[in-house]
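# Sequence plus predicted model, see below.
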Amino acid sequence: MKEVEHVAENMAELQVRRLPVMNRDKRLVGIVSLGDLATHGSLPKTAKALHGISQPGGEHNQSRAAAR
């Protein structure tokens with residue numbers, strides 16, 4: 001699987017518009033956004049990510065963290 005497709009699938013599954021990019025030392029080196037996929041990726045992969053992001057979901061991580 002190509003990296004862009006993997007990123008699009010992760011965004012769809014997690015229902016997020018941005019993903020952190022970490023290096024091998026687990027240090028943040030950047031952020032990939034849905035806009036990055038739209039301008040530098042392929043339209044079908046971007047559409048797949050947007051479709052997944054737009055699906056109604058359950059409780060989000062931020063909601064669970066705030067409730068603690």
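All right, it came through fine.
# how close does residue 55 get to residue 14?
As judged by Cβ to Cβ, to the nearest Å, residue 55 and residue 14 stand 11 Å apart. The way it works is simple: take the backbone N, C-alpha and C, and place the C-beta from them, glycine included.
# actually residue 38, sorry about that
Computed with Cβ to Cβ, the distance linking residue 38 and residue 14 is 18 Å.
# try residue 54
Applying Cβ to Cβ, one obtains 13 Å for the distance of residue 54 from residue 14.
# likewise residue 8?
Taking Cβ to Cβ as the measure, residue 8 and residue 14 are separated by 11 Å.
# neighbour count winner among the two?
Set side by side, residue 8 and residue 14 show unequal neighbour counts under other Cβ atoms under 10 Å, the larger going to residue 8 at 27 against 14.
# Helices of this structure, start to end?
With DSSP state H as the criterion, the chain has helices at 3-14, 34-40, 43-54, 61-67.
# Excluding covalently adjacent residues, which one is nearest to the residue sitting nearest the centre point of the chain?
In the chain, the residue lying closest to the centroid (Cα atoms, centre = their mean) is residue 11, at 2.5 Å. Excluding the flanking residues, the one nearest residue 11 by Cβ to Cβ, 6 or more residues apart in numbering is residue 49, at 4.3 Å.
# which residues does that neighbour contact?
Shown here is residue 49, whose contacts under the criterion Cβ atoms under 8 Å, 6 or more residues apart in numbering are 7, 8, 9, 11, 12, 34, 37.
# hmm, 6 Å instead?
With Cβ atoms under 6 Å, 6 or more residues apart in numbering as the criterion, the residues that contact residue 49 are 8, 11, 12, 37.
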